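J.: Quick one, what's the 3D model for this:
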Amino acid sequence: MAFFKTITITMTFMQLQSSLVESCICNRLHNNYVMKTSFCAKAAMFRLCSRYLLPVSRFGRQYTTANEVQERIGQLVKDNKVVLFMKGTPDQPMCGFSRAVVQIMDIHEVARSNLSAHNVLEDEDIRQGIKEFTSWPTIPQVFIGGEFVGGCDIMLELHKSGELIEQLKDIGITSALSDDSEPSKS
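T.: You can find the predicted model right below:
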């Protein structure tokens, strides 16, 4: 590692590349063994630097960004009772599946203060990050009480079976369809 740091301090990539061209020209003109050795050494350094240093820095930036997105998603899920990652907004869904999930939440009268909706069309990092976070390939995605529930089909099944009422009750939200029938506005 110290070897690479020494190279980057003493010679930038542009200097290295221009000196390679100069060495190559001198080598052709003079056919000098010393120039040839110098050229080989510089070429070897250039190959090492360009092969190992550049990709590592690119991958490093991508990893940090992906890691930050995962942390951001995790914090959203942790901080809110119900989280919906959808295409569009609850007031203006941009796909039928997202609209169906919003309608299910509206039927149960889940207050907007309890529902944290995130438009994945506005943030490509969140759109890809949520798929990696849950290992679930489609949008919308719903979390209740910090747990991943699923997408539209699963929400529809939970609604039909009445299990959604229980899941909402477990996190302190009373569904309009429950026997207690007084919706929670907290």
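
J.: quick one: low-confidence ranges for this structure?
T.: 1-64, 180-186 (pLDDT under 70).

J.: Domain ranges for the chain, per the record?
T.: 2-72, 80-170 (automatic domain parsing).

J.: Please, where are all the helices along this protein?
T.: Remark: helices assigned in the chain by DSSP state H are 2-10, 13-30, 33-48, 54-79, 96-107, 124-134, 152-161, 163-170.

J.: pretty sure K169 contacts L177?
T.: No: with contacts counted by CB atoms under 8 Å, K169 stays clear of L177, the gap being 10.9 Å. For every residue, glycine as well, the C-beta is placed using N, CA and C.

J.: Enumerate every residue touching A117.
T.: 83-84, 86, 89-90, 102 (CB atoms under 8 Å, 6 or more residues apart in numbering).

J.: ok, so of those residues, who is nearest K160?
T.: Nearest to K160 among those: V102, at 16.9 Å, using CB to CB.

J.: ok, the closest one to E124 distance?
T.: Using CB to CB, to the nearest Å, V102 is found at 22 Å from E124.

J.: between those two, which one's more packed in?
T.: More crowded of V102 and E124, by other CB atoms under 10 Å: V102, with 22 against 10.

J.: The residue lying closest to that one once chain neighbours are set aside: neighbouring residues, count only.
T.: Nearest non-adjacent residue to V102, counting by CB to CB, 6 or more residues apart in numbering: P90, 4.9 Å away. Neighbourhood size, P90 [other CB under 10 Å]: 19.

J.: In contact with P90: list those residues for me.
T.: Residues near P90 by CB under 8 Å, 6+ apart: 84, 102, 105, 112, 115, 117.

J.: Can I get these in CSV including distance to V142?
T.: Shown next, in CSV, are the contacts of P90 (distance: CB to CB, whole Å):
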residue, distance to V142
L84, 5
V102, 10
M105, 9
R112, 15
L115, 10
A117, 10
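
J.: what about Q103, neighbour count?
T.: A count of nearby residues for Q103, using other CB under 10 Å, gives 15.

J.: So A66 sits against F133, correct?
T.: No: contact criterion CB under 8 Å: A66 and F133 do not qualify, at 10.2 Å.

J.: Comparing these two, which residue is more hemmed in?
T.: Neighbours were counted for A66 and for F133 using other CB under 10 Å; F133 has more, 20 against 14.

J.: nearest residue to the more buried one other than its sequence neighbours?
T.: Nearest residue to F133 in three dimensions, chain neighbours excluded: I73, at 4.9 Å (CB to CB, 6+ apart).
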